[in-house]
Every structure is written in structure tokens, then in C-alpha cells.
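Visitor: fold the following.
(one chain, ligands or ions: 2)
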Amino acid sequence: MLTKQHIDDDSDFIESTDKNPSNILPEKLTLDSHLQFECHPKVSCFTACCHNIKIILTPYDILVLRKRLNLPAHEFITEYTEPTYLEKTDMPGVNIKLVGEKNGCPFVTPDGCTVYEDRPSACRYYPVGMADFHEGGSDDPTEDKFFFLVKEPHCKGHEEPKRWTIREWRSDQGVDLRDEMNKEWLRLVMRRKSFGLQATLSELAKRMFFMASTDLDTFRKFIFESSFLETYEIDAETIAKIKEDDVALMLFSFKYMANTLFGAAGMSIKAEKIQKKVEEIKSRQDEALQQAEKEYEELKAERACLEEKRQAALKKGDTGN
Ligand code: SF4
Ligand code: SF4
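Guide: Ligands and ions are numbered 1, 2, ... in the order given. Here you go, the predicted structure:
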């Protein structure tokens, strides 16, 4: 669940739980619920919500923004973002790096947002948050998502007369596509959150999550320049698609991470690779067995030698008497 948040609110994605009860209205809303709100350049607070905020970027946000700015992923990440942890987990991500005396978003001007058509998901959702229990890992279709309103004192949009249904508002903000693009990635984060930190995640796995989430250029290199394609069963059509199409590659990366981080179905290792691995393990076991046998034989020989010496000493003692 993503929405803009002022820096004094320490939650990453505003959730259905009342972490910030004064700003999140307790009412559960549906797509047909009504919302009185409008944001336009004439509101007295125009661009107030683009300062002192933490805006988490999803992989799709990064992809769209860096294409707009015509930058390679790593340059965009260095220039416009800073690292953070997602949703109080150990999953690394990025948020927009604020700039200037007013601690503002680098894309804000007095006339508004300079990347408006490609603004991040969090900016689109505001002030309507969404809670989706499917993100926690449940596949139960009866567990519906619901919406909630974030009402912060500085935001005067709530005083505007315009009324919409949540459905109309969301369609106006173009969030359906964002929902679709962000869904599986958010689900990874929420899974991590629901598993708790006692379930270990290696540093390598975290680095992979960060790389795939922020830098699709490098993730593509990983797919095509490592032994990845020799290891996994990937059909020719998917290979051709992820080679050229960034969105397809991003969605593929979510599938790969769900499989490697959480053991989700959907990716399989090639039979010959499994066979090779089994042979490697067997060979290591055989070596260990041979070594153990060798050590046992050496120990036996040492004992026999000692026994022989002891007998000889005894014999010598007998003779001496
Ligand atoms: S991306 Fe645009 S809408 Fe979002 S905080 Fe920055 S200036 Fe504001
Ligand atoms: S009305 Fe709300 S969303 Fe619009 S500029 Fe003001 S604070 Fe931001």
C-alpha cells in the first residue's frame, strides 16, 4: 500500500492498521464510496505535499521515471534516490531524495509537478490508501481489498466541493495500471513482513532483491550473461520478450524473486542441472565416506601397532622374570 507520507510519519506504506490514526480515517471504503476532494493549482496548499515527504519508489515508478528523464537506471538511482528499508523489514528499497532548503521533491516547482504524467505511485494514490490482504500472501479470493482516506491538516483539497466515487478518483489518477504493475512486488515486501525477521534472508538474497527492484539493466545482464538460462527452464517466447521488453522483464523479476526468496511456484530448475547437483552432492558424500574409511583404517592400524608393542613389552617382562 503506497501513498505519500510526511516525514514525521514513520510507516513506509500506510497500512490498514492505525499506525497514524489521526491522519487515517477509520472508515473502510469501497470503490463505490464517495470522496470529497480535489487538488489543483489554485488550492492554498498547492505542492505542500511535495515537501518533507517520504516517497517510496516501486520498480515500475523507477522504470517510468528514468525513461522520462532518459537516464540509465544506476544514474537515476544515484541522482534522485536514497536507500531505505521497506515497510520496517530488512528489504532494501529507495525513496526520492529531497533537495533544497525546503526539503522538497526534486521534481516540484511552484507551478507543480514536472513529471506529472509519470509521477510515482505514492503521489497518485494520495489521499486514498488501499489495503489488500492478498499482499500478505493469502490467495483467498473472499478476502477483499478496501480503501481508506488519509486526511492531513495541511491538505486543503478536502475542503474543495468536488465529489467522486473512489472508483472515479482512482480512474482519474490512473492507479489501476500502477496496482497491476506494483502488485507482485508489494506482495514480496508484505510477505517478508508477515514472515518476520526470525526467518533469515541472506545478504545475497537482499542484494538481488535491491538490484532487481531498482536496476533492470543489471538484472537483464544477470539473466543473459550468467549461467541463469542454463539453470532455469524458461520458454523461448519469454526469453525473447524479457530481452527487449522492460515491463516484461520487471514482471519476470518478481516471479523469480518470489521463487528464490519465498519458494513460490512458477520457476523450475532444469532436470540436468538437478541431476548434476545430485551427482555433486553424491560425489562429495562418497569422498567424505572414503575419507572416513581411510581414517578408520589408519586408526585401526595404529591401535594394532600399539597392541603389538604392548604384547612385546609384556613378553619381554615375562622373560626378564
Ligand atoms: S513526483 Fe511530483 S507529485 Fe510527487 S512529490 Fe514530486 S513533485 Fe510532487
Ligand atoms: S490539496 Fe492536498 S494533494 Fe493537493 S497540493 Fe494541497 S496538500 Fe497536496
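Visitor: contacts, neighbours, all on C-alpha from now
Guide: Fine.
Visitor: residue 309: neighbour count?
Guide: 12 (other CA atoms under 10 Å).
Visitor: okay, now the domains of the chain?
Guide: According to automatic domain parsing, the chain comprises the domains 5-194, 196-262.
Visitor: any chance of the ones you listed in JSON lines, plus mean pLDDT, mean neighbour count and distance to ligand 1?
Guide: Formatted as JSON lines, those follow (pLDDT from 0 to 100; neighbours: other CA atoms under 10 Å; distance: least, CA to the nearest ligand atom, whole Å):
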{"stretch": "domain 5-194", "mean pLDDT": "85", "mean neighbour count": "17", "distance to ligand 1": "4"}
{"stretch": "domain 196-262", "mean pLDDT": "92", "mean neighbour count": "16", "distance to ligand 1": "17"}
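Visitor: what sits against the residue nearest to residue 113 when sequence neighbours are not counted?
Guide: Of all residues not flanking residue 113 in the chain, residue 107 sits nearest, at 5.8 Å (CA to CA, 6 or more residues apart in numbering). Shown in contact with residue 107 (CA atoms under 8 Å, 6 or more residues apart in numbering): 113-115.
Visitor: now residue 314
Guide: Contacts of residue 314 (CA under 8 Å, 6+ apart): none.
Visitor: can you give me phi and psi for it?
Guide: phi -60, psi -50 (degrees, to the nearest 10).
Visitor: re the thing from before, can I get the domains of the chain in TSV with distance to ligand 2?
Guide: Shown next, in TSV, are those (distance: least, CA to the nearest ligand atom, whole Å):
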stretch	distance to ligand 2
domain 5-194	4
domain 196-262	26
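Visitor: same list (these) but as CSV, adding distance to residue 273.
Guide: Putting the domains of the chain into CSV (distance: least, CA to CA, whole Å) gives the following:
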stretch, distance to residue 273
domain 5-194, 27
domain 196-262, 6
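Visitor: restricted to helices, list the contacts of residue 107.
Guide: Judged by DSSP state H, helices contain none of the contacts of residue 107.
Visitor: centre of the chain versus stretch 243-258, how much separation?
Guide: 13 Å (CA atoms, centre = their mean, to the nearest Å).
Visitor: quick one, strands of the stretch 101-250 of the chain?
Guide: Ranges of strands in the stretch 101-250 of the chain, per DSSP state E, counting those that start in this stretch, are 108-109, 112-113, 128-131, 146-149, 163-165.
Visitor: wait, which of these is closest to residue 227?
Guide: Among the strands of the stretch 101-250 of the chain, strand 128-131 comes nearest to residue 227, with 38.8 Å by CA to CA.
Visitor: circling back: out of the contacts of residue 107, who's nearest residue 154?
Guide: Among the contacts of residue 107, and counting by CA to CA, the member closest to residue 154 is residue 113, at 17.9 Å.
Visitor: wait, a helix at residue 61?
Guide: Yes: counting by DSSP: H, G, I helix; E, B strand; the rest coil, residue 61 is part of a helix.
Visitor: so what's it closest to, chain neighbours aside?
Guide: Nearest non-adjacent residue to residue 61 (CA to CA, 6+ apart): residue 120, at 5.1 Å.
Visitor: so who does the one you found touch?
Guide: So residue 120 contacts 55, 57-58, 61, 65 (CA under 8 Å, 6+ apart).
Visitor: what of residue 166?
Guide: Per CA under 8 Å, 6+ apart, neighbours of residue 166: 29-35, 128.
Visitor: widest-spaced pair of these?
Guide: The widest separation within the contacts of residue 166 (CA to CA) is 13.0 Å, between 32 and 128.
Visitor: stretch 235-254 spans what distance, first to last residue?
Guide: Stretch 235-254 has its terminal residues 17 Å apart, counting by CA to CA, to the nearest Å.
Visitor: residues touching it, excluding its own?
Guide: 59-60, 63, 181, 184-185, 188, 212-213, 216, 219-220.
Visitor: please apply the same query to stretch 91-104.
Guide: With CA under 8 Å, 6+ apart, stretch 91-104 has contacts from 50-57, 77, 80-86, 105-106, 189, 192, 206-207, 209-210, 213-214.
Visitor: redo that, cut-off 7 Å
Guide: Stretch 91-104 has contacts (CA atoms under 7 Å, 6 or more residues apart in numbering) with 50-52, 54-57, 80-86, 105-106, 189, 206, 210.
Visitor: could I get the strands of the stretch 101-250 of the chain as CSV with distance to residue 266?
Guide: Putting the strands of the stretch 101-250 of the chain into CSV (distance: least, CA to CA, whole Å) gives the following:
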stretch, distance to residue 266
strand 108-109, 41
strand 112-113, 39
strand 128-131, 26
strand 146-149, 28
strand 163-165, 37
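Visitor: any idea which of those gets closest to residue 256?
Guide: strand 128-131 (24.6 Å).
Visitor: and that closest one, what does it pack onto?
Guide: strand 146-149 (3 or more CA pairs under 7 Å, 6 or more residues apart in numbering; DSSP states H and E).
Visitor: can you list the neighbours in contact with the strand it packs on?
Guide: Residues contacting strand 146-149 (CA under 7 Å, 6+ apart): 24-25, 27-30, 127-132.
Visitor: repeat the analysis, applying 8 Å as the threshold.
Guide: Against strand 146-149 from outside (CA under 8 Å, 6+ apart): 16, 24-31, 127-132.
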